[in-house]
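Participant: Show me how the following folds:
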Amino acid sequence: MVWEPKDLGGGKADFERQFEALLQRLRHAGNFRGWTPIIGLLLAILVAWQGFYIVAPDEQGVVKRFGRIVRTTPPGPHLKIPLIESVLIPKITKLHRIEVGFRSNAQGGTTTVPREALMVTGDENILSVELIVQFRIK
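Facilitator: Model (predicted):
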């Protein structure tokens with residue numbers, strides 16, 4: 001026994017007629033032609049994708065509009081204006097460290113970097129300076 005759908009509408013199924021009527025209304029209301037709706041949809045997706053950013057719990061968002069700082073944002077999801085605003089997301093809880101004049105390695109030893117360590121003073125003496133700068137972004 002083979003199941004065959006019965007056509008009760010005299011030609012087209014009720015769903016097909018309603019779908020075609022909906023398409024006709026959309027064509028007349030929006031006057032969509034060709035690639036216009038597809039390009040519009042892709043543009044909307046691009047704007048949403050570029051305008052969304054997430055700040056992690058150990059970070060803080062710095063929103064810049066045309067290079068000028070506009071606001072800071074706390075952790076969580078946020079929106080920005082694409083192509084106009086940019087976001088920097090520095091880690092604010094991390095203790096940053098810069099070694100000047102030397103580099104420490106994994107074994108606990110150090111290697112001198114003469115190009116950074118040797119400095120000339122105002123009275124033209126040569127000094128070998130090695131220092132560590134530690135800072136936290138506020």
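
Participant: Helices of this protein, start to end?
Facilitator: 14-30, 36-51, 114-117 (DSSP state H).

Participant: List the buried residues of the shortest one.
Facilitator: It refers to helix 114-117. Buried residues in helix 114-117, counted by 16 or more other CB atoms under 10 Å: residue 116. C-beta here means a position set from N, CA and C on the backbone, and glycine is covered the same way.

Participant: Spatially central, which residue of the chain would that be?
Facilitator: For the chain, residue 53 is the residue whose C-alpha lies nearest the centre (CA atoms, centre = their mean; 4.9 Å).

Participant: Go through the helices of the chain and name the closest to residue 123.
Facilitator: When the helices of the chain are compared by CB to CB, helix 114-117 sits nearest residue 123, at 18.8 Å.

Participant: hmm, who's touching the closest one?
Facilitator: Residues outside helix 114-117 that contact it (CB atoms under 8 Å, 6 or more residues apart in numbering) are 100-102, 128-130.

Participant: repeat that with 10 Å
Facilitator: Contacts to helix 114-117, defined as CB atoms under 10 Å, 6 or more residues apart in numbering, come from residues 99-103, 127-131.

Participant: Give me the mean pLDDT for that helix.
Facilitator: Across helix 114-117, pLDDT averages out at 88.

Participant: can you give me how far it is from the chain middle?
Facilitator: 37 Å (CA atoms, centre = their mean, to the nearest Å).

Participant: could I get it in CSV with only the CA atoms?
Facilitator: Extracted in CSV, the C-alpha atoms of helix 114-117 (Å, rounded to 0.1, in the frame of the first residue of the first chain):
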residue,chain,number,x,y,z
PRO,A,114,74.9,44.9,25.7
ARG,A,115,73.0,46.9,23.2
GLU,A,116,70.4,47.8,25.9
ALA,A,117,72.7,47.7,29.0
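
Participant: And residue 46, what's its pLDDT?
Facilitator: At residue 46, pLDDT is 86.

Participant: what's near enough to touch it?
Facilitator: Contacts of residue 46 by CB under 10 Å, 6+ apart are residue 82.
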